[in-house]
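Trainee: Just the structure for this:
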Amino acid sequence: MRVPELNAGLLDEFSDALWLEDGLSRNTLDSYRNDLQLFSEWLRRRNPSNSMLTEATNSDLLEFLASRVAAKMKASTTSRELSSLKRFYRFLLRQGKIAIDPSLNIETPKLQRHLPESLSEKEVELLLSAPDLAQPLGLRDRAMLEALYASGLRVSELINLKYSQVSMDMGVLRVMGKGRKERLAPLGEESLQWLNRYTKEARPLLLNGIVTDTIFVTARGAAMTRQAFWYLIKRYAQLVGIAKQLSPHTLRHAFATHLLNHGADLRVVQLLLGHADISTTQIYTHIARERLKQLHATHHPRG
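Mentor: The predicted structure follows:
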């Protein structure tokens with residue numbers, strides 16, 4: 001068997017292990033594989049006679065990472081690639097395929113944490129009021145925006161939401177998030193009212209006889225794409241004069257930030273967002289802190 005085929009076999013084993021252990025999505029598994037394939041190809045170009053992944057040394061990994069920096073790759077990209085390499089070689093060590101982990105003692109660089117763009121409570125109210133409620137699509141959009149802000153869902157979770165996941169009586173959603181981890185997300189009275197109105201007044205018109213369990217549907221009765229919803233948010237933001245650079249996660253960021261601004265516990269916000277690690281949630285404390293500093297500077301006589 002040729003070296004590239006041996007490397008491919010190792011990557012297959014690694015991907016299967018990730019899927020079994022963590023239930024990672026196909027996109028995440030592909031990301032790991034692409035990073036490792038890149039390293040495998042780099043080894044082959046540099047030395048075709050010795051390009052086995054199991055033979056790579058600490059120096060090989062350092063030289064590969066240096067080549068990525070020299071190619072002016074983003075720090076976040078090289079950091080992710082190193083993370084993939086570390087996890088892969090830990091797997092090989094566990095499997096007894098290598099005796100020494102070549103990624104040991106290679107430190108992951110500390111990246112500057114970029115605060116996600118968020119909206120003020122006034123801006124959220126403007127955005128929520130933008131859809132034309134006289135139109136079925138406008139009523140759908142209002143219900144979607146309200147649900148997103150009330151629950152902190154990821155956009156992918158929102159567009160794939162099914163009625164079987166909703167408890168109208170309890171006012172909660174049952175969501176399957178990253179890593180196949182289930183959580184409950186509260187909707188709140190306001191969001192429930194809009195969801196009920198959309199269900200009764202607009203959804204039957206959009207479906208026009210089509211049967212589906214997907215809650216939010218397009219004019220053709222199909223589920224909405226993530227890209228279409230991103231465009232929708234940007235269009236409504238322009239309509240009401242919000243000039244900030246928005247993303248599909250804008251209302252999710254606002255959900256977390258506003259909860260913390262009003263005194264919510266960080267652990268509760270972590271559970272509501274579905275973060276596995278609280279360090280991921282802690283970035284929102286920085287946003288809340290910046291907001292407090294701005295308020296102090298504006299309103300305190302010695303600000």
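
Trainee: rest of the way, CA atoms for contacts and neighbours
Mentor: Noted.

Trainee: quick one: the helices in the chain?
Mentor: Ranges of helices within the chain are 3-22, 26-46, 58-70, 75-94, 121-128, 136-151, 155-159, 189-197, 203-207, 226-239, 250-261, 266-273, 278-281, 283-299, based on DSSP state H.

Trainee: counting contacts, what elements does the second one pack onto?
Mentor: The criterion is 3 or more C-alpha pairs under 8 Å, 6 or more residues apart in numbering; DSSP states H and E, and the helices and strands that helix 26-46 contacts are helix 3-22, helix 75-94.

Trainee: in the stretch 1-150 of the chain, which ranges drop under the pLDDT threshold?
Mentor: Residues of the stretch 1-150 of the chain meeting the criterion pLDDT under 70: 1-5, 109-117.

Trainee: ok, now with 50
Mentor: Low-confidence segments of the stretch 1-150 of the chain (pLDDT under 50): 1-3.

Trainee: what's the answer for the stretch 151-300 of the chain, then?
Mentor: By pLDDT under 50, the low-scoring segments of the stretch 151-300 of the chain are 295.

Trainee: Give me the domain ranges for the protein.
Mentor: When the chain is parsed with automatic domain parsing, its domains come out as 3-94, 121-299.

Trainee: The closest residue to R140 other than its chain neighbours: how many residues sit nearby?
Mentor: If the residues on either side of it in the chain are set aside, R140 comes closest to Y198, at 5.8 Å by C-alpha to C-alpha, 6 or more residues apart in numbering. Each residue near Y198 was counted by other C-alpha atoms under 10 Å, and the total is 24.

Trainee: wouldn't R68 be in contact with T78 here?
Mentor: Yes - between R68 and T78 there is a contact at 6.8 Å, judged by C-alpha atoms under 8 Å.

Trainee: Same drill for the two, tell me which one is more crowded.
Mentor: Comparing R68 with T78 by other C-alpha under 10 Å, the one with more neighbours is T78, at 21 against 16.

Trainee: tell me the contacts of that one?
Mentor: By C-alpha atoms under 8 Å, 6 or more residues apart in numbering, the contact set of T78 is L65, R68, V69.

Trainee: That one and L65, how far apart?
Mentor: According to C-alpha to C-alpha, to the nearest Å, T78 stands 7 Å off from L65.

Trainee: now D132
Mentor: From D132 across to L65, the span is 51 Å (C-alpha to C-alpha).

Trainee: who has more neighbours, those two?
Mentor: Neighbour totals were compared for D132 and L65, and L65 leads with 18 against 13 (other C-alpha under 10 Å).

Trainee: what's near enough to touch the more buried one?
Mentor: Taking C-alpha under 8 Å, 6+ apart, we find L65 in contact with T78, L82.

Trainee: Quick check: closest non-adjacent residue to L158.
Mentor: In this structure, L158 finds its nearest non-sequential neighbour in L148, 7.0 Å apart by C-alpha to C-alpha, 6+ apart.

Trainee: give me the number of residues near the one you found?
Mentor: 23.

Trainee: Quick check, it in contact with S156.
Mentor: No - in this structure L148 lies outside contact range of S156 using C-alpha under 8 Å: 10.7 Å.

Trainee: residue closest to the middle of this protein?
Mentor: Geometric centre of the chain, nearest residue: R154, 6.6 Å, by C-alpha atoms, centre = their mean.

Trainee: so that one makes contact with H249?
Mentor: Yes - judged on C-alpha under 8 Å, R154 makes contact with H249 at a distance of 6.6 Å.

Trainee: Would you mind measuring from S51 to E81?
Mentor: For S51, the distance to E81 equals 18 Å [C-alpha to C-alpha].

Trainee: Repeat that for D169.
Mentor: According to C-alpha to C-alpha, D169 stands 46 Å off from E81.

Trainee: okay, those two: which has more neighbours?
Mentor: Between D169 and E81, E81 has the larger neighbour count (other C-alpha under 10 Å), namely 21 against 7.

Trainee: out of everything not next to it in sequence, what's closest to that one?
Mentor: D35 (5.5 Å).

Trainee: so who does that neighbour touch?
Mentor: The contact partners of D35, taken as C-alpha under 8 Å, 6+ apart, are E81, S84, L85.
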